[in-house]
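Asker: Sequence below, structure please.
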Amino acid sequence: MAAAFAAALALALLVLAAMGAGEHGTVAALRATGRLSFLLFWPAYAGGALAKLFGPRLAPLARRTRSFGLSFAAAHLVHLGLVVWLYRIAARPPLSPDMFALFTVAAACTYLLALLSAPKLGNLAAGPAGRIVRTVGLECIAFAFLVDFVITPLRFGVRRPLEYLPFAILAILGALLRLTAAVRGPEPRRQPAQQ
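Answerer: Residues are numbered from 1 along each chain as shown. All right, here's what the predicted structure looks like:
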């Protein structure tokens, strides 16, 4: 978590130093930290589905989804700090009210899931209700990234599509992997060997 936060902070400071702390530089830093956050979120989101669909070789990834999720939450703090800064310096609100609401809910889901990953709180959210909360939270965060990397560029166009394409592919692929794993259902239990 500390390394993820430090990496996001260093990335933001580097971009702001190169491009300035005005709107233009802050937007560039937001793009950079958002992409870093997504790269940490993706294994937390799709790691379990990958292990389920492609076998035990990916089980170590599935066992580390919590670590990736907490690293994502730590790195995303820098991104959220930049959002606050942009709202403070921008001449007009940078997001429409509906986009602001979506990203606010996704941020709330991020830190709710981080809280629920603590051992004592996680025990309170165990069972089917906890799984529902975690699934809804993850899907909300994934949807916000999907809007950012796929829907918004398609709706408004982008000048440099290669900046979005790898992230758009990962966002769509992650959703497809999770859907496929959910449709496939739980792994059948192995019967004990007959003696």
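Asker: model confidence over the longest helix anywhere in the chain, on average?
Answerer: Longest helix in the chain, counting residues (DSSP state H): helix 23-54. Averaging pLDDT along helix 23-54 yields 96.
Asker: Going by neighbour count, which residues of that helix are buried?
Answerer: By 16 or more other CB atoms under 10 Å, the buried positions in helix 23-54 come out as 25-52. C-betas here are computed from N, CA, C, even on glycine.
Asker: Report the buried residues of the helix or strand following it.
Answerer: Per DSSP states H and E, the first helix or strand lying C-terminal to helix 23-54 is helix 59-63. Residues of helix 59-63 classed as buried under the neighbour-count rule (16+ other CB under 10 Å) are L61, A62.
Asker: How far off centre is helix 59-63?
Answerer: On the basis of CA atoms, centre = their mean, to the nearest Å, helix 59-63 sits 17 Å off its chain's mean C-alpha point.
Asker: need the next SSE after that helix, C-terminal direction.
Answerer: Scanning forward in sequence from helix 59-63 by DSSP H and E, the next helix or strand is helix 65-89.
Asker: which secondary structure elements does that following helix contact?
Answerer: helix 2-19, helix 23-54, helix 97-116 (3 or more CB pairs under 8 Å, 6 or more residues apart in numbering; DSSP states H and E).
Asker: quick one: least confident helix or strand in this structure?
Answerer: helix 119-124 (a mean of 68; mean pLDDT, DSSP states H and E).
Asker: just the angle between whatever helix or strand comes next after that one and helix 23-54, please?
Answerer: Tracing the chain C-terminally past helix 119-124 and defining elements by DSSP H and E, one meets helix 127-146 next. Angle, helix 127-146 to helix 23-54, by axes from the mean of the first three to the mean of the last three CA atoms, to 10 degrees: 130 degrees.
Asker: ok, and what's touching helix 127-146?
Answerer: When contacts are defined by CB atoms under 8 Å, 6 or more residues apart in numbering, helix 127-146 is touched by residues 38, 41, 44-45, 102-103, 105-106, 109-110, 112-113, 116, 122, 124-125, 167, 171-172, 174-175, 178.
Asker: From these, list just the buried residues.
Answerer: Using 16+ other CB under 10 Å as the burial test, those include 38, 41, 44-45, 102-103, 106, 109-110, 112-113, 116, 125, 167, 171, 174-175, 178 as buried.
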